[in-house]
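**Q** Sequence and predicted structure below; questions after.
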Amino acid sequence: MQQSKDFIFCHPPAILNGHKPILDADVGYTHQFVCIPVGIFSMADSLEKSGFSVGILNLGERLYIKKDNEELKDIIKYYLEKYRPRIVGIDLHWWVHSAGAVETARLLKEINPNIITLLGGITSSYYAEEILRDFSDIDYILTGECDESIVSFTKYICNNEMDLNQISGLVYRDNGEIKTKKPVPPQNLDKLDITRYDLLLKPEEIYADRAIIPITRGCVHDCAYCGASNESFSKIMGRRPMCFIKPEVIVDLIEKNNSKNKKHIYIYGDIQDGDLPFTNEFFKLLHEKDIEGIHLVIEFFNPPNKDIIEKWLEIISVKKITLEATISPDSGNYLVRKQLRRDYTNDQLLNSVKYLYERNIPVSVYFMLGCPDDSDETISETLELSDDILTEYSKYFTYEDVSHEVIGYEFMQIPDLGSEVYSNPEKYNIIINYNSFMSLVENIKNATHWSQLIGFTTKYFNQAEFVRQYYKIKYSIYEMYYRHEIINEEIYNKKISDLNNDKLIYKKLVKNGSIKN
Ligand code: B12
Ligand code: SF4
């Protein structure tokens, strides 16, 4: 006899039609985007500590590795019958899960109309009222950071303990009217445990050794295209100002992950953005703790200063910790980069990347197709800068020395909702092609190729031009990898053949009139 659950968190799939219309920004979690928001693990932990039985289901991953004849509905039915939850909380954090989240709710209600469906995450926080208006299978939405409100909500449903209007961030229906309560961000983040992998109903299979540790709530920066920038996060999630997680908590999470056999640990957020006491304490504790045998992937938002690099070098010289880094200049053109609020020169970037390479720290550099002022020329400049970076990289490393692309030149298909670019398209001379959550859902459902899911056009690029630029970029980068002997002929041929196949699909769609050229 299986134990029943009060609450199951369910990470929905992204894609329902068997195609791959959403581009992965080199995060590697498959076309179903199977990475679970880390906040789910800590919310599940809090619920358990409040006396509720709770489980986490990675439905996207289950669908990705399903048996041939299994449908999404069969998988959901299996888990519902096994655990008979009272509430299912579906994350609609990333826009990529918009269609998958509402379809999951629809199937849950079809199988068991009495089940309570709840959504949460940044996308559902942004579109909360519209979702409740248009999708009757969703009962409630909790907006903002729900570490505390999730417990109040569950007490309300399961124990009849709270009053609905006492639950901060709740959006709900009341006699045909939609009521909204403002989210209140949790102030004490010290006890939140994002390593409760044991609460998964099935152990992870994809990147089971990877752990994610965000070091902030919100962000110090204000990148114009980001829906979780300092400005946007406070509007959507209600946290102002942003905050850093305490160094002792971050180091403790590294230690916990290590002890749970998560050896590939990503630290999200730039340590050098914290003040001096923060960085000093972080490095002191990392030094002191008995943490060995892990690979750390760290992020720099700006070219790192030598002090910070020295601190990292000190750590890896005395501990069995290996390191790699990422930095995202977005464009190789200074003005395009600056418009997005990343203010450093190509020389500054190249010098610090070289400095890191010389010290045996491999760095992946990320550019973005879709910057509002991108043109043929600025993309060529970015490719030239990529070539310079690869010239340096190839002196020290091969393709396998970083966990991702050496140059990740990825396409922002849809501007982040709530970002400055999204909210002020005229200022950035762009036109957004979808105007509601419903249209986003429909576009994702119907698209069979990524070119059909391009959510905006700029003054230089329409949909067809974006596609042309995308292919140009990818062919160029692979050619550079090969020329610099970062990849061998076999890998090069495979990459080109995958790209050719993708292009063939695009050409067919143009030929049959599904896409305008
Ligand atoms: C770290 C990070 C990642 C990590 C993963 C993080 C993770 N597992 O949580 C990686 C690198 C893998 C990643 C990938 C992607 N990311 Co990202 N990521 C971030 C980043 C920088 C920090 C997130 C964070 O710190 N969260 C803090 C934790 C504790 O909060 P949380 O997990 O969100 O959970 C809280 C709430 O959201 C809410 N909540 C979440 N789920 C649920 C569910 C329920 C039921 C309820 C009630 C509440 C709830 O309550 C939680 C507790 O407070 C943000 C930017 C930012 N500054 O926030 C972008 C951001 C969230 N990512 C973004 C995007 C677009 C992506 C990708 C889709 C990119 C792509 N095309 O490949 C992928 C999706 C990958 C996947 N799902 O497989 C966008 C989202 C925009 C949007 N509206 O969709 C953001 C805002 C910024 C950006 N442009 O990068 N990302
Ligand atoms: S894209 Fe910019 S604003 Fe958004 S999380 Fe990253 S650094 Fe912060």
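**A** Here it is on my side, so go on. Ligands and ions are numbered 1, 2, ... in the order given.

**Q** Point me to the residue of the stretch 51-200 of the chain nearest ligand 2.
**A** The nearest approach of the stretch 51-200 of the chain to ligand 2 comes at residue 122, 11.1 Å away (C-beta to the nearest ligand atom). Any C-beta I mention is one placed from the backbone N, CA and C, and that applies to glycine too.

**Q** Number of residues surrounding the closest residue to residue 301 other than its chain neighbours?
**A** Excluding the flanking residues, the one nearest residue 301 by C-beta to C-beta, 6 or more residues apart in numbering is residue 270, at 4.3 Å. Using other C-beta atoms under 10 Å, residue 270 has 21 other residues around it.

**Q** I'd say residue 270 and residue 300 touch.
**A** Yes - counting by C-beta atoms under 8 Å, residue 300 is a contact partner of residue 270 at 5.5 Å.

**Q** pull the CA atoms of stretch 50-59 into PDB?
**A** In PDB, the C-alpha atoms belonging to stretch 50-59 read as follows (Å, rounded to 0.1, in the frame of the first residue of the first chain):
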ATOM      1  CA  SER A  50       5.000  21.600   8.800                       C
ATOM      2  CA  GLY A  51       3.600  18.100   9.000                       C
ATOM      3  CA  PHE A  52       2.400  17.500   5.400                       C
ATOM      4  CA  SER A  53       3.300  14.600   3.200                       C
ATOM      5  CA  VAL A  54       4.700  15.800   0.000                       C
ATOM      6  CA  GLY A  55       6.300  14.500  -3.200                       C
ATOM      7  CA  ILE A  56       7.900  16.000  -6.300                       C
ATOM      8  CA  LEU A  57       7.200  14.700  -9.800                       C
ATOM      9  CA  ASN A  58       9.300  15.600 -12.800                       C
ATOM     10  CA  LEU A  59       6.600  15.000 -15.300                       C
END
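
**Q** what comes into contact with that stretch?
**A** The set of residues external to stretch 50-59 that reach it, using C-beta atoms under 8 Å, 6 or more residues apart in numbering, is 3-13, 34, 36, 40-41, 44, 47-48, 72, 75-76, 79, 83, 85, 104, 151, 154-155, 158, 199-202, 204.

**Q** Considering only the residues you listed, which also neighbour ligand 1?
**A** Among those, the ones lying near ligand 1 by C-beta under 6 Å from any ligand atom are 9, 34, 36, 40.

**Q** quick one: which of the residues you listed sit in helices?
**A** Taking DSSP state H, the ones among these that sit in helices are residue 40.

**Q** Among the ones next to ligand 1 among the contacts of stretch 50-59, which lie within strands?
**A** Counting by DSSP state E, those place residue 9 in strands.

**Q** which among the ones next to ligand 1 among the contacts of stretch 50-59 gets closest to residue 497?
**A** Residue 497 lies nearest to residue 34 out of those, by C-beta to C-beta, at 25.5 Å.

**Q** And what about residue 283, helix, strand or coil?
**A** For residue 283, the assignment made with DSSP: H, G, I helix; E, B strand; the rest coil gives helix.

**Q** neighbours around the closest residue to it other than its chain neighbours, how many?
**A** On the basis of C-beta to C-beta, 6+ apart, the spatially nearest residue to residue 283 that is not a chain neighbour turns out to be residue 311, at 4.7 Å. If you count neighbours by other C-beta under 10 Å, residue 311 ends up with 19.

**Q** name the element residue 311 belongs to?
**A** If you go by DSSP states H and E, residue 311 is part of helix 306-318.

**Q** by contact count, what packs against that helix?
**A** helix 276-288, strand 321-330, helix 346-358 (3 or more C-beta pairs under 8 Å, 6 or more residues apart in numbering; DSSP states H and E).

**Q** Out of the ones you listed, which is the most enclosed?
**A** Comparing these by mean neighbour count (mean count of other C-beta atoms under 10 Å), strand 321-330 ranks first with a mean of 21.

**Q** Now do the helix or strand just after that strand: everything it contacts.
**A** As assigned by DSSP H and E, the chain's next helix or strand after strand 321-330 is helix 334-339. Applying C-beta under 8 Å, 6+ apart, the contact partners of helix 334-339 are 224, 329-331, 343-346, 371-374, 378, 428.

**Q** okay but the residue of the stretch 51-200 of the chain closest to ligand 2 is in contact with residue 96, surely?
**A** No - if you go by C-beta under 8 Å, residue 122 and residue 96 don't touch, sitting 11.8 Å apart.

**Q** Look at the two and report which has more neighbours.
**A** residue 96 (29 against 25).

**Q** Distance of that one relative to residue 478?
**A** 25 Å (C-beta to C-beta, to the nearest Å).

**Q** Equivalent analysis for residue 188, please.
**A** Counting by C-beta to C-beta, the separation of residue 188 from residue 478 is 48 Å.

**Q** Settle it for me: which of these two has more neighbours?
**A** residue 478 (20 against 8).

**Q** At the contact with ligand 1, which residues of the stretch 1-150 of the chain appear?
**A** For the stretch 1-150 of the chain, the residues in contact with ligand 1 (C-beta under 6 Å from any ligand atom) are 9, 24-25, 27, 29, 33-40, 43, 89-91, 93-96, 118, 120-123, 142, 145-147, 150.

**Q** contacting residues around the residue nearest to the spatial centre of the chain?
**A** The C-alpha lying nearest the average C-alpha coordinate of the chain belongs to residue 94 (C-alpha atoms, centre = their mean; 6.6 Å). Shown in contact with residue 94 (C-beta under 8 Å, 6+ apart): 14, 33, 121-123.
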